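# My questions concern the predicted model and sequence given below.
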Amino acid sequence: MDGCPHCAGVGEDRLWEGATHRVVLVHQDGFPGWCRVIWNTHVGEYTDLSEGERARFMHTVALVEEALRAELKPAKINLASLGTAMPHLHMHIIPRFPDDPTFPDPVWLPPVRATNRALPPQFSDTMRARLAVLDPAG
Ligand SMILES: [Zn+2]
């Protein structure tokens, strides 16, 4: 759809890409490791997907969450599906740390602190290797 950033997908740092959905690393200051799982076509809601598509999408969300927990040891993982202004199905998987800019409040609130937390070396390569087990048809 014209004007939809998730349809365009320009400038994404893709960690995995399948036929129906993809995983991107979001480079958001203060929130290292923030990932999105994005459905490739312009679908508004999770329940627009078939049962099989829902299962594949959430399987990927879970795999990303497991990988982030293993690699970054966050205090909490936040899962969020928003996209109210431009409905295109995607899920945020956000590792949270006590020193992140809005902890323990939602990441969308104004920051209350700065953080110097950075991703470990080779993080993207490690994530790509962990996600390589996904079925590329999915
Ligand atoms: Zn779209």
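Sure thing, it's come through. Numbers count the residues shown, from 1 in each chain.
# For the residue positioned nearest the centre of the chain, what is the enclosing helix or strand?
With distances taken as Cα atoms, centre = their mean, the residue of the chain nearest its centroid is R36 (1.9 Å). Using DSSP states H and E, the element containing R36 is strand 35-39.
# which helix in this protein runs the most residues?
helix 51-72 (DSSP state H).
# Can you get me the centre-to-centre distance for that one and its chain?
The chain centroid and the centroid of helix 51-72 are separated by 9 Å under Cα atoms, centre = their mean, to the nearest Å.
# any idea which helix or strand comes after it?
Remark: after helix 51-72, the chain's next helix or strand is strand 76-80, criterion DSSP H and E.
# Look up phi and psi at H21.
With angles defined as degrees, to the nearest 10, H21 sits at phi -150, psi 170.
# quick one: contacts for it?
H21 is in contact with V37, I38, W39, N40, R56, F57, T60, G138, counting by Cβ atoms under 8 Å, 6 or more residues apart in numbering. Glycine gets a C-beta too; all of them are placed from N, C-alpha and C.
# So what pairs up with the third one in the strands?
I take that to be W39. H21 (DSSP bridges).
# Now for it, how many residues are close by?
Per other Cβ atoms under 10 Å, the neighbour tally for W39 reads 20.
# Surely it and V23 touch.
No - judged on Cβ atoms under 8 Å, W39 makes no contact with V23 at a distance of 11.4 Å.
# if I look at the closest residue to L68 other than its chain neighbours, how far off is the ion?
Counting by Cβ to Cβ, 6 or more residues apart in numbering, L68 lies nearest to P95, which is 4.9 Å off, once chain neighbours are set aside. Using Cβ to the ion, to the nearest Å, we find P95 at a distance of 25 Å from the ion.
# Tell me the secondary structure of P95, please.
Following DSSP: H, G, I helix; E, B strand; the rest coil, the label given to P95 is strand.
# can you put the contacts of H21 in JSON lines and add distance to T102 and pLDDT?
Formatted as JSON lines, the contacts of H21 follow (distance: Cβ to Cβ, whole Å; pLDDT from 0 to 100):
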{"residue": "V37", "distance to T102": "22", "pLDDT": "98"}
{"residue": "I38", "distance to T102": "23", "pLDDT": "98"}
{"residue": "W39", "distance to T102": "27", "pLDDT": "98"}
{"residue": "N40", "distance to T102": "30", "pLDDT": "97"}
{"residue": "R56", "distance to T102": "31", "pLDDT": "97"}
{"residue": "F57", "distance to T102": "27", "pLDDT": "98"}
{"residue": "T60", "distance to T102": "26", "pLDDT": "98"}
{"residue": "G138", "distance to T102": "33", "pLDDT": "76"}
